[in-house]
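Asks: give the three-dimensional model of this entry:
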Amino acid sequence: MNDDDASILFNLADKRYTRRDVIKGAVAAGAAVSLGPIILAACGGQSSSAASPSAVASPRRGGVLHAGLTGGSSSDTLDALNGITNVDEARAANLYEPLMGFRADGSLEPVLAEEMTSNADATIWTIRLKSGITWHNGKDFTADDVMYTFRRICNPKSPGEGASSLALLNLASMRKLDAHTLQVPCTAPFSAFPQSVASLQYVYIVPEGYDPTHPIGTGPFELVSFTPGQQSTFKRNPNYWQSGLPYLDEVIITDYADATSQVNALLGGQVQVVNLLEADVMSEVTSQGKKILVSPGAGWTPFTMRVDSAPFNDVRVRQAMRLIVDREQMLALLFSGHGTIGNDIFSPADPAYDRQIPQREQDIEQAKSLLKAAGREGLRIELVTADIAQGTIAAAQVFAQQAQAAGVTVNLNKTTVTNFYGTNYLKWVFAQDFWYFEYYLPQVANCTLSTSPFNETHFNNPRYASLHLEALRTVDDSKRAEICHEMQMIDYNEGGYIIPFFPPVIDGYAPNIQGLLPSKAGVSLNNYQFKYLSLS
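Replies: A predicted model of the protein is given here:
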């Protein structure tokens, strides 16, 4: 979409947000309420059933799935513990597995772990693993592999991206009780340990001696070939531990640089599933005999403001930028109302998310007043954007137009995904990013502490960091939630994120695809769990 397109969309606001002929979903203003899934077929049929019709028929074994995915780059990796892009996650989700995972409703479920239990104050955790699981090379999966993974992630000389989430583990005292049981002491109470190992990234379990250039996992598919930024091929794991899965013989993931080529590939039959679509292509896809699945999502695509750099080192400027956004309008223009209004706080599917914090709404006069008080009237700022996730470039264009009402000029620097995640990633003064859903405390560990691997806003608040540790030490759920609420007020009042909305997950697929179900995790295509898909 070019700048003229954005101007046209912006002018449609007075007509209350219709984009093409797309069905309009409810807009949840002020509360983190999830919309139900929406499944669109040819001729615009709609269903609000919790289960996709693609899962009705009995699955057929065999066949090759061609997936056309966006969000990849030439810096793509096979490393289970250091992925960055959407396509990295798609590969990892099929090669590797975590101890704990997410169900479609966002709740936790055991995967490689049979159970995780703690002592009374959560200072010692016992992890009992499922037995009978083997790695792709035929070796048994054991407690030694889990201990190796934790040590590899937390290696101080070369920490993985999940290191901050596991910082409370006392690795020196960790021990194996038997082949499938380990005991993990912590340096302080660690109530959020199961949540922290359930991240959709960064904490996949790898075997002893792991080599990411020759990846071995326990997942349903094995690697055949990999060309970064282009294509990945996988074959069925014949010894997969979940009986009957996967159904497919082979999966081929092809990277697409933009949504247009991606959709054309779906319509032309080159691929059978595509991810991260925007609402304006939904009617085009369904009118040509393909299907659309719209899932409620708790993933997020924020604007990021560096709080240590001018002009955002002044909290008044950060608050002004948040007040500039017409959230309902932005969500409607990008996704025709599908999705959920945001309030500049992440993790809306966490039970500890504070729904009592007042919903922030557009207030141009207050934004002007704050900018004037900060000496920033007529502010001009560059916003770095790229096609890293659904709607990011369009959101940047709409934000730039909305900012004009407050006398703010936002100049867009549109770059490639490769450049966005290059040497300047985490250094941009004003940019965007995308995240899948994580529970609040693990998400904090990943992005809003001075020790976080992805502290893109450079947030560093000693009180906030102290509260984070206090929350991790608190075993009582209600008391821990109260601490999280205090942290979320700091996010709301002082943070460097603008979170206008939580986008829906819009996937396109061919009619012969079975097994797709909606997910709240903010990840496309069954959280990229291709083991559940089959071809009719």
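Asks: could you grab the helix/strand/coil label for G508?
Replies: strand (DSSP: H, G, I helix; E, B strand; the rest coil).
Asks: and the host helix or strand of M147, what does it pack against?
Replies: Using DSSP states H and E, M147 maps to helix 143-153. For helix 143-153, the packing partners by 3 or more C-beta pairs under 8 Å, 6 or more residues apart in numbering; DSSP states H and E come out as strand 124-129, strand 175-178, strand 181-185. For every residue, glycine as well, the C-beta is placed using N, CA and C.
Asks: each with direction, which strands does the longest one pair with?
Replies: In the sheet containing strand 124-129, its partner strands are strand 113-118 (antiparallel), strand 181-185 (antiparallel), by DSSP bridges.
Asks: okay, buried residues for it please.
Replies: For strand 124-129, the neighbour count (16 or more other C-beta atoms under 10 Å) marks 124-125, 127-129 as buried.
Asks: just flag the most distant two among these.
Replies: Maximum pairwise distance among these (C-beta to C-beta): 16.9 Å, between I124 and L129.
Asks: confidence score at L12?
Replies: The score at L12 is 29. That number is its pLDDT.
Asks: ignore the last one, S74
Replies: S74 is assigned 78 on the pLDDT scale.
Asks: how distant is stretch 393-400 from the center of its chain?
Replies: 20 Å (C-alpha atoms, centre = their mean, to the nearest Å).
Asks: so for that stretch, mean pLDDT?
Replies: Mean predicted lDDT for stretch 393-400 stands at 97.
Asks: same question for stretch 222-231.
Replies: Stretch 222-231 comes out at a mean pLDDT of 94.
Asks: in it, what's buried?
Replies: Quick answer for stretch 222-231 (16+ other C-beta under 10 Å): 222-223, 226, 228.
Asks: still on that earlier bit, out of the helices and strands packed on helix 143-153, the one nearest N94 is which?
Replies: Of those, nearest to N94 by C-beta to C-beta is strand 124-129, at 20.5 Å.
Asks: send the alpha carbons of the closest one over as CSV?
Replies: Taking C-alpha atoms only, strand 124-129 is exported to CSV below (Å, rounded to 0.1, in the frame of the first residue of the first chain):
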residue,chain,number,x,y,z
ILE,A,124,12.9,-25.9,43.8
TRP,A,125,11.2,-27.3,40.7
THR,A,126,10.9,-30.9,39.8
ILE,A,127,10.4,-31.6,36.1
ARG,A,128,9.2,-35.1,35.1
LEU,A,129,9.6,-35.7,31.3
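Asks: and the angle from it to helix 143-153?
Replies: 120 degrees (axes from the mean of the first three to the mean of the last three C-alpha atoms, to 10 degrees).
Asks: starting at the chain centroid, how far to strand 124-129?
Replies: 27 Å.
Asks: wait, which of the helices and strands packed on helix 143-153 is closest to P358?
Replies: strand 124-129 (37.6 Å).
Asks: related to what we said a few turns ago, nearest to V111 among the buried residues of stretch 222-231?
Replies: E222 (17.8 Å).
Asks: quick check: that closest one touching N237?
Replies: Yes - using C-beta atoms under 8 Å, E222 is in contact with N237, at 5.3 Å.
Asks: identify the contacts common to those two.
Replies: H136 (C-beta atoms under 8 Å, 6 or more residues apart in numbering).
Asks: hey, which of the strands paired with strand 124-129 is tucked in deepest?
Replies: strand 181-185 (a mean of 19; mean count of other C-beta atoms under 10 Å).
Asks: now what about that one, what contacts it?
Replies: Contacts for strand 181-185 (C-beta under 8 Å, 6+ apart): 123-129, 143, 146-147, 150, 169-170, 173-177, 193.
Asks: how about the contacts made by N155?
Replies: N155 touches A163, counting by C-beta under 8 Å, 6+ apart.
Asks: show me the shaky parts of the chain.
Replies: 1-57, 199-201 (pLDDT under 70).
Asks: where is the longest helix in it?
Replies: If you go by DSSP state H, the chain has its longest helix at helix 477-494.
Asks: show me what that helix is packed against.
Replies: Using 3+ C-beta pairs under 8 Å, 6+ apart: helix 477-494 touches helix 315-324, helix 440-447, helix 462-473.
Asks: what angle do helix 440-447 and that helix make with each other?
Replies: Going by the same axes, to 10 degrees, helix 477-494 makes 40 degrees with helix 440-447.
Asks: how far off centre is helix 477-494?
Replies: 21 Å.
Asks: going forward can the numbers begin at 28, since that is how I track them
Replies: Taking 28 as the first residue, the last one we looked at is helix 504-521.
Asks: next secondary structure after it?
Replies: Using DSSP H and E, the first helix or strand after helix 504-521 is strand 524-525.
Asks: mind listing what that following strand pairs with, with the direction of each?
Replies: Checking strand 524-525 against DSSP bridges gives partners strand 330-332 (antiparallel).
Asks: which parts of the stretch 28-177 of the chain are strands?
Replies: 65-67, 73-74, 91-97, 127-129, 135-137, 140-145, 151-156 (DSSP state E, counting those that start in this stretch).
Asks: strand partners (parallel or antiparallel) of the fourth one?
Replies: Using DSSP bridges, strand 127-129 pairs in its sheet with strand 135-137 (antiparallel).
Asks: and the residue minimising distance to the centre of the chain, how far from P530?
Replies: Closest to where the C-alpha atoms of the chain average out (C-alpha atoms, centre = their mean) is Y463, at 1.3 Å. For Y463, the distance to P530 equals 11 Å [C-beta to C-beta, to the nearest Å].
Asks: just D285 next, same as before
Replies: 17 Å.
Asks: settle it for me: which of the two has more neighbours?
Replies: P530 (29 against 12; other C-beta atoms under 10 Å).
Asks: hmm, that one is touching G366, no?
Replies: Yes - counting by C-beta under 8 Å, P530 touches G366, with 5.0 Å between them.
Asks: since that was my last question, I'll sign off now.
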